[in-house]
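S.K.: the following block contains a protein sequence and its predicted model.
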Amino acid sequence: MDQTPSTPGASTEQQPYDGRTLTGGPTQTRELDEVVIRKLSVGPMDNNAYLITCRASGSQVLVDAAADPDRLLQLVREGSGSARLTTVVTTHRHPDHTGALASILAVTGAEAVAGEEDAAVLPVTGVRPLRHGEVLPVGHLTLEVIGLRGHTPGSIALAYREPARTRRAGTVAGRVHLLTGDSLFPGGPGKTEDPEAFDSLMTDLVERVFDRFDDRTWVYPGHGADTTLGAERPHLDAWRSRGW
């Protein structure tokens, strides 16, 4: 059912999703067979917030309640008339990703979760820590938690895999959709504070992302436009060499 172009920046008449948003602009909506992914930009640092809705159950997860709680609540209502937001995931501890977190939790009663090394330092209490490899349910769907240590100690990504498809040549694995926070952008990894943190992030990106997922994998970053692993893979050695 996904009518999205195969490469970021392209467009089709059927579905205008291209992964590009502007602060104050409309929601970008991507409809897949099992899930709807909505993306918008909020706040002065052009933070991306994502709403993942299970089409069968209506259950929802918000990824990064960064800023502008009224706009984020509007996003939740776009996803489900009953606004059944079950969980708010924070990809990492930085303040530009948590500005609306307390307000969203207070209004919706959703559970807050974050990577285990960052959970205790978020500006709200009772955050449930997530470990690398853990599975986060969204109604009938699951998101895999991927630890990407380096931008912050507890940075995480979330991976959703579409159902496999049967074709004449056999069964084809479903495409992966990867929400990476500030750990991976078009053009390279997120900012790190020192060479050790950079090496940690690059190691996790290679071993936990690029070595596991194919080039079709669509990347939804914490700021700016989307990309794919296929677009970024040829540059891994260059990133290592430049050190950022």
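M.R.: Here it is on my side, so go on.
S.K.: switch to C-alpha atoms for all contacts and neighbour counts from now on
M.R.: Will do.
S.K.: for the host helix or strand of Val89, give me every contacting residue.
M.R.: Element membership for Val89, per DSSP states H and E: strand 85-90. Outside of strand 85-90, the residues within contact range by C-alpha atoms under 8 Å, 6 or more residues apart in numbering are 59-65, 76, 97-98, 101, 105, 108-115.
S.K.: let me know the next secondary structure element after it.
M.R.: Toward the C-terminal end, the helix or strand that comes next after strand 85-90 (DSSP H and E) is helix 101-108.
S.K.: just give me how far that next one sits from the chain centre.
M.R.: Centre-to-centre, helix 101-108 and its host chain are 19 Å apart (C-alpha atoms, centre = their mean, to the nearest Å).
S.K.: thinking again about what came up before, got the angle between the strand holding Val89 and helix 101-108?
M.R.: Relative orientation of strand 85-90 versus helix 101-108 (axes from the mean of the first three to the mean of the last three C-alpha atoms, to 10 degrees): 170 degrees.
S.K.: average pLDDT across strand 85-90?
M.R.: Regarding strand 85-90, the rounded mean pLDDT is 97.
S.K.: try stretch 154-165
M.R.: Here stretch 154-165 scores 96 as its mean pLDDT.
S.K.: between the two ends of that stretch, how far is it?
M.R.: Start and end residues of stretch 154-165 are separated by 34 Å (C-alpha to C-alpha, to the nearest Å).
S.K.: buried residues in that stretch, which are they?
M.R.: By neighbour count on 16 or more other C-alpha atoms under 10 Å, the buried set for stretch 154-165 is 154-162.
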